[in-house]
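Undergrad: Coordinates for the following, if possible.
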Amino acid sequence: MYLCAFNFAKRNTMIKRAFIFLVTVILSFCTANAQYRLIYESFAIGGSGDTSRTLVATSPNQNAALISSADPEEANPIPGIAKHFTYIDYGRDTVFYQLYYSKDEQYFTGYSLNKGNEYTLEKTEKLNGYNCKKYTTTLFSNKMEIWVTEDLKKHRATPSASFGNLPGVIVQITRNGNTTTRLAKVEKYKDVEPIITDNLGQYTDRRAINNLEKEKLVITIPVFHDAQICFNPKLEKSRTIPFDTVLPYSNGTIILKRINLKQLPSHYQIFAELTEQSNGDAYDRTGSIFVIPTSQRTNFLNALIDSVGVLPVFTDKNGEQYQGIKLERNYTPLVELVRFFTPFGVKHFNQYRSLNDKEWEDAAYYKQDVSDLRQYLQGDVYIGAFIGNYDGGGHKISLDLKAYPESYEWKTGDENLWTLPLFNTCNVMEMSGQNYGKFFETDSLTVTFNVPEGLTSLRLRYLSTGHGGWDSGDEFVPKENVILIDGQPRFHHTPWRSDCGTFRTYNPASGNFWNGMSSSDYSRSGWCPGTATQPVYFDLTGLTPGEHTITIAIPQGQREGTYFSAWNVSGVLVGRK
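TA: As a prediction, this is how the structure comes out:
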């Protein structure tokens, strides 16, 4: 980053004088002397992609220039787009960069023009009809080749303020030999309105203005803010669920919110952004962010309001029952957005222990791409959060959905995503009697599903974590998950995380052992204390339309006394029509 040319916090008088000077310079454009208007085109060399255009207006006395986009504005733009204007004051060696959102909302920053690049003069040659000097430099590890001419009556013009300190008019810039910005058109014109006023809006430092510009483009949807998830049998569950109200269920270990989400264009990438802090619980706990599908007559919402007994039941070979874990004719299981695990007591227990060479983190942070599940994040949506715990203080979480655009056009109705939730054994109603997924000891999980006509691709989004927190429990023993399609083994996957020691500073309450290890350091079956489990994708492209079965088989460990192992697996089919 270049240093700002002025100390804006302390030299307001200098700012005003600089603006008055710059306005005077630009007003001189309206004299009898002609000024130039130049159009630059940027494109990939040898590519067939889009060409963007930049407009540069220059003054005849070489004192100022304006850089702006020459591309037509989108007819239906996404929210948060600013107009960008870069004003170069050569006389004052200053660049002013402005974001213009409306006449009531504008921001600008300023920095020195001449601090930054060092150039090497390579040679003199003719390019596009102009006598040019070719310079080379590096910019953020990119090799830049720049051709500059003084043929245009000693005017100065650049499509990028990064190279504004070169004399003359830039004819071409090539980056790394593969992208080019080239002077395409030069016009003379007179009698124009001033292109700058004495008010560019609110001053913001250069780093902050870059962050501001990006943040404005991101659609942020707050879901939970500092919401408590704890164990409290005295909490009453609500039988009605109004919009935008956080409600506790399952003795406080689930919180639920009903929100209405606008459909986004398919080019937006959607992320779930979550933070967690201990509010009294010292242990690593299973957590889940999920959506409740409500299109079926029987759904998980009924279980939260009434009891877990309303859910369809799977009975294993030992006669144990598991409620609401798989797709049925009249039931769709929970759609799991994020499987996460709390660390040992982050925030609440920070003051109880110290490490010689480390500082405890203030919160656990998780961010996961959930774009594949966007079908369940539009319209009337029930979003829940679960943390299994037995503590009256429990945990506090904050959750936002963040959508990042990949295009400047707002266009809906082009969605071609198809999804089908198949299974979810994560027992989020643990405190209301929903059984742990421990049936893999003697059984497997089989789901029947239908593939519609016209799918161009099909994948299984799969999450799997093993649990059983004693020495030989499945939490600490790698176990191969076998996925069978129509009875035939198709995929083999062993969930395992061997990097848990990376997250030591999130685990102040973790047990420490005689050998120098901490409990949070040990490798685990697909998770670590303080991390989110990453989904694994299995390609099912080519599966014919019609009825099929999927089976999950895991060699779950044997019970030892009151100890048992369990597996939390969830799967959603994702395809495109």
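Undergrad: Now the spatially most central residue of the chain: which helix or strand?
TA: Residue closest to the mean C-alpha point of the chain, counted by Cα atoms, centre = their mean, is Phe271 at 4.4 Å. Using DSSP states H and E, Phe271 sits in strand 269-278.
Undergrad: In its sheet, which strands sit next to that strand, and in what direction?
TA: Note on strand 269-278: by DSSP bridges, its sheet partners are strand 364-369 (antiparallel), strand 395-404 (antiparallel).
Undergrad: Pull the residues that contact that strand.
TA: Strand 269-278 is contacted from outside by 264, 287, 289, 337-338, 340, 342-343, 345-349, 362-371, 374, 377, 387, 393, 395-404, 406, 509, 532, using Cβ atoms under 8 Å, 6 or more residues apart in numbering. To be clear about C-beta, it is placed using only N, CA and C from the backbone, and glycine gets the same treatment.
Undergrad: among those residues, which ones are buried?
TA: 264, 287, 289, 337-338, 340, 342-343, 345-349, 363-364, 366, 368, 370-371, 374, 377, 387, 395-403, 509, 532 (16 or more other Cβ atoms under 10 Å).
Undergrad: Can you identify each of the helices in this protein by residue range?
TA: In the chain, the helices defined using DSSP state H lie at 12-27, 206-217, 300-305.
Undergrad: what mean pLDDT does the shortest one have?
TA: Which is helix 300-305. Averaged over helix 300-305, pLDDT sits at 97.
Undergrad: quick one: buried residues of it?
TA: For helix 300-305, a neighbour-count test (16+ other Cβ under 10 Å) marks 300-304 as buried.
Undergrad: Kindly export that helix (C-alpha atoms) in PDB.
TA: Taking C-alpha atoms only, helix 300-305 is exported to PDB below (Å, rounded to 0.1, in the frame of the first residue of the first chain):
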ATOM      1  CA  PHE A 300     -38.800 -32.600  12.400                       C
ATOM      2  CA  LEU A 301     -40.700 -29.500  13.500                       C
ATOM      3  CA  ASN A 302     -43.500 -31.700  14.800                       C
ATOM      4  CA  ALA A 303     -41.000 -33.500  16.900                       C
ATOM      5  CA  LEU A 304     -39.600 -30.300  18.400                       C
ATOM      6  CA  ILE A 305     -43.100 -29.100  19.300                       C
END
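Undergrad: for that helix, packing partners?
TA: Counting contacts by 3 or more Cβ pairs under 8 Å, 6 or more residues apart in numbering; DSSP states H and E, there are no secondary-structure elements packed against helix 300-305.
Undergrad: which other residues reach that helix?
TA: Helix 300-305 is touched from outside by 237-239, 241, 249-250, 254, 256, 292-294, 309-311, 323-324, 333-334, 382, 429, 432, with contacts defined as Cβ under 8 Å, 6+ apart.
Undergrad: and the closest residue to the residue nearest to the centre of the chain other than its chain neighbours, bridged to which residues?
TA: Sequence neighbours aside, Lys402 is the residue nearest to Phe271 in space, at 4.8 Å (criterion: Cβ to Cβ, 6 or more residues apart in numbering). Lys402 forms beta bridges with Thr220, Phe271, as assigned by DSSP bridges.
Undergrad: how much space between Lys402 and Glu215?
TA: Separation of Lys402 from Glu215 (Cβ to Cβ, to the nearest Å): 10 Å.
Undergrad: now Tyr36
TA: 36 Å.
Undergrad: So if I had to pick from these two, which one is more boxed in?
TA: With neighbours defined as other Cβ atoms under 10 Å, Tyr36 and Glu215 compare such that Tyr36 has more, 20 against 11.
Undergrad: out of everything not next to it in sequence, what's closest to the more buried one?
TA: Spatial nearest neighbour of Tyr36, excluding adjacent residues (Cβ to Cβ, 6+ apart): Thr58 at 4.7 Å.
Undergrad: And the helices of the chain, which one averages the lowest pLDDT?
TA: Of all the helices of the chain, helix 12-27 carries the lowest average pLDDT, namely a mean of 40.
Undergrad: follow-up on the earlier one: and Gly561, which of the strands paired with strand 269-278 is closest to it?
TA: strand 395-404 (29.2 Å; Cβ to Cβ).
Undergrad: tilt between that closest one and helix 206-217?
TA: 80 degrees (axes from the mean of the first three to the mean of the last three Cα atoms, to 10 degrees).
Undergrad: neighbours around the residue nearest to Leu460 when sequence neighbours are not counted, how many?
TA: Nearest non-adjacent residue to Leu460, counting by Cβ to Cβ, 6+ apart: Phe538, 4.4 Å away. Neighbour count of Phe538, defined by other Cβ under 10 Å: 16.
Undergrad: try Arg576
TA: Arg576: 13 surrounding residues under other Cβ under 10 Å.
Undergrad: thinking again about what came up before, just the buried positions in the strand holding Phe271, please.
TA: Within strand 269-278, the residues scored as buried using 16+ other Cβ under 10 Å are 270-278.
Undergrad: Would you mind giving these as JSON lines with distance to Gly110 and pLDDT added?
TA: Shown next, in JSON lines, are these (distance: Cβ to Cβ, whole Å; pLDDT from 0 to 100):
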{"residue": "Ile270", "distance to Gly110": "36", "pLDDT": "98"}
{"residue": "Phe271", "distance to Gly110": "33", "pLDDT": "98"}
{"residue": "Ala272", "distance to Gly110": "38", "pLDDT": "98"}
{"residue": "Glu273", "distance to Gly110": "33", "pLDDT": "98"}
{"residue": "Leu274", "distance to Gly110": "38", "pLDDT": "98"}
{"residue": "Thr275", "distance to Gly110": "35", "pLDDT": "98"}
{"residue": "Glu276", "distance to Gly110": "41", "pLDDT": "98"}
{"residue": "Gln277", "distance to Gly110": "40", "pLDDT": "98"}
{"residue": "Ser278", "distance to Gly110": "45", "pLDDT": "98"}
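Undergrad: Including distance to Asp471, could these go into a markdown table?
TA: Converted to a markdown table, those look like this (distance: Cβ to Cβ, whole Å):
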| residue | distance to Asp471 |
| --- | --- |
| Ile270 | 40 |
| Phe271 | 37 |
| Ala272 | 34 |
| Glu273 | 36 |
| Leu274 | 31 |
| Thr275 | 32 |
| Glu276 | 27 |
| Gln277 | 30 |
| Ser278 | 26 |
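Undergrad: quick one: which of these is nearest Lys134?
TA: Proximity of the buried residues of strand 269-278 to Lys134 (Cβ to Cβ) peaks at Phe271, which lies at 43.6 Å.
Undergrad: Next one: the closest one from Tyr189, what distance?
TA: 46 Å.
Undergrad: And for Arg490?
TA: Separation of Arg490 from Tyr189 (Cβ to Cβ): 67 Å.
Undergrad: same question, Ser407
TA: Distance of Ser407 to Tyr189, given as Cβ to Cβ: 33 Å.
Undergrad: picking that back up, name the residue in Arg490 and Tyr189 with the higher neighbour count.
TA: Ranked by neighbour count (other Cβ under 10 Å), Arg490 and Tyr189 place Arg490 first, with 17 against 11.
Undergrad: What residues does that one make contact with?
TA: 483-484, 538.
Undergrad: Can you flag which of the residues you listed belong to strands?
TA: 483-484, 538 (DSSP state E).
Undergrad: any chance of those in TSV, plus pLDDT and distance to Met517?
TA: Converted to TSV, the ones in strands among the contacts of Arg490 look like this (pLDDT from 0 to 100; distance: Cβ to Cβ, whole Å):
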residue	pLDDT	distance to Met517
Ile483	98	33
Leu484	98	37
Phe538	98	34
